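S.K.: give me the fold of what follows.
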Amino acid sequence: MKHSKTQMNSKKRGLGWGTLWNPNFGAPAALLILYVANAVFTPRFATVSNTLNMLLQVSTTMIVAVGMTFAIASRGIDLTVGSTMALVSVIVALLINHGMAIAISVALGSALLIGLVNGFLISRLKLEPLITTLAALIMWRGVAQVVGDGQLVPFAHSTFEALGKGYLGSIPIQVVIALVVIVGAFFCIRSTLFGRHIVAVGGNEEAARLAGIRAERVKYIVYIITALLAGLAGLIETARLSMADPSKVGVNAEFDAIAAVVVGGTPFSGGRANVLGTVVGALIMQVISTSFNMLLIPFTWSLVLKSVIILFAVFLQRPKEV
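M.R.: Numbers count the residues shown, from 1 in each chain. All right, here's what the predicted structure looks like:
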């Protein structure tokens, strides 16, 4: 009798809000509802040009959020992504006149260095990811401002600028790049041994070690990937602006990425990675921003709504009572 009561209680819990906001169903449904509602009530929202514009604006967030998905799935976090974007931006702007290959190589090399430092501090020295990357966020933003002398760094290089302003047919190049990154990350998580190792380490690091997984190495690679993707986003943003701004480029990028990941269904507790959910989460946030802007509603109200959505998603991901 007691056993059947427990089963009934479990079934009741299973029919709650958490079921409705299943990462494979709830987030896409919310995106669809938001898009349809805006198509009806927001003039000129559901046009091809506006849809492409939204994809253009959200593409760098998607790239950064994919890396953040890897970090959170491994039960970590990386708050340095915005500062990485800023440092990469300054370096490429300062070196672009010496050749695009050199500028991009050195800029991405700096992102690689940040990933290696984060990986070392978190995996080898066992420091807490949140505090470690928070300190690194401040430090690397400071380095970016020192390197750029706190000034805007304008440049003119049509080939490099195509990275942020060019089109492949009628589709912006940065949207194509974001799509390639998303497909690659989805394949990595779903179909590679490394992807399974990320999930295993995030789910239970000690059990992963006992199963022969080199958890330290996995974390190293995760933070390198996160930093390199942030560096790529920094290159695109710099090419789009035709200048580097060490105090503005990448500001709040880490929070936008975390919001996309959480709303998309990857839990902070680790052990699961939902790349497509992250993409949907980023799109939800972008649809909200665009609709508020087109309806002339103050931007601050969109921040309030986004915060409520994030808190709701975290609430649904909380540990369930046994």
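S.K.: could you pull up the residues touching the residue nearest the centre of the chain?
M.R.: Taking C-alpha atoms, centre = their mean, the centroid of the chain lies closest to A65, which sits 1.0 Å from it. By C-beta atoms under 8 Å, 6 or more residues apart in numbering, the contact set of A65 is D256, A257, A260, V261, G264, T278, V279, G281, A282. Using the backbone N, CA and C atoms, a C-beta is placed for each residue, glycine as well.
S.K.: low-confidence ranges in the stretch 101-250 of the chain?
M.R.: Across the stretch 101-250 of the chain, nothing is flagged by pLDDT under 70.
S.K.: quick one: the helices in it, in order.
M.R.: Assigned by DSSP state H, counting those that start in this stretch, the helices in the stretch 101-250 of the chain fall at 129-147, 158-165, 173-191, 193-203, 205-210, 215-241.
S.K.: can you say which of those is packed in most?
M.R.: helix 215-241 (a mean of 24; mean count of other C-beta atoms under 10 Å).
S.K.: what angle do helix 158-165 and that helix make with each other?
M.R.: For helix 215-241 against helix 158-165, the angle by axes from the mean of the first three to the mean of the last three C-alpha atoms, to 10 degrees is 110 degrees.
S.K.: and helix 215-241, how far from the chain's centre?
M.R.: Taking C-alpha atoms, centre = their mean, to the nearest Å, one finds helix 215-241 lying 10 Å from the centre of the chain it belongs to.
S.K.: what is that helix packed up against?
M.R.: Where contact means 3 or more C-beta pairs under 8 Å, 6 or more residues apart in numbering; DSSP states H and E, helix 215-241 is packed against helix 48-73, helix 81-95, helix 100-119, helix 158-165, helix 173-191, helix 193-203, helix 205-210.
S.K.: quick one: closest of those to V304.
M.R.: Nearest to V304, of all the helices and strands packed on helix 215-241, is helix 48-73, at 19.1 Å by C-beta to C-beta.
S.K.: report the angle between that closest one and helix 158-165.
M.R.: Using the same axes, to 10 degrees, the direction of helix 48-73 lies 90 degrees away from that of helix 158-165.
S.K.: ok, and for helix 48-73, which residues are buried?
M.R.: Buried positions in helix 48-73, judged by neighbour count with 16 or more other C-beta atoms under 10 Å: 54-56, 58-73.
S.K.: could you save the contacts of A65 as TSV and add columns showing distance to G195?
M.R.: As requested, those are exported to TSV (distance: C-beta to C-beta, whole Å):
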residue	distance to G195
D256	24
A257	19
A260	19
V261	16
G264	16
T278	14
V279	16
G281	19
A282	20
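S.K.: go through the residues you listed and name the one nearest V117.
M.R.: Sorting the contacts of A65 by how near they are to V117, with C-beta to C-beta, puts A257 at the top with 19.2 Å.
S.K.: list the contacts of the closest one.
M.R.: Contacts for A257 (C-beta under 8 Å, 6+ apart) come out as T61, V64, A65, G67, M68, V81.
S.K.: from those, which is closest to L229?
M.R.: G67 (3.7 Å).
S.K.: I'd say the closest one and I225 touch.
M.R.: Yes: using C-beta atoms under 8 Å, G67 makes contact with I225 at a distance of 5.7 Å.
S.K.: quick one: distance of stretch 136-146 to the chain centre.
M.R.: 20 Å.
S.K.: got the contact list for that stretch?
M.R.: Residues from elsewhere that reach stretch 136-146 (C-beta under 8 Å, 6+ apart): 79-80, 82-84, 86-87, 89-90, 114, 117-118, 121, 246-247, 254.
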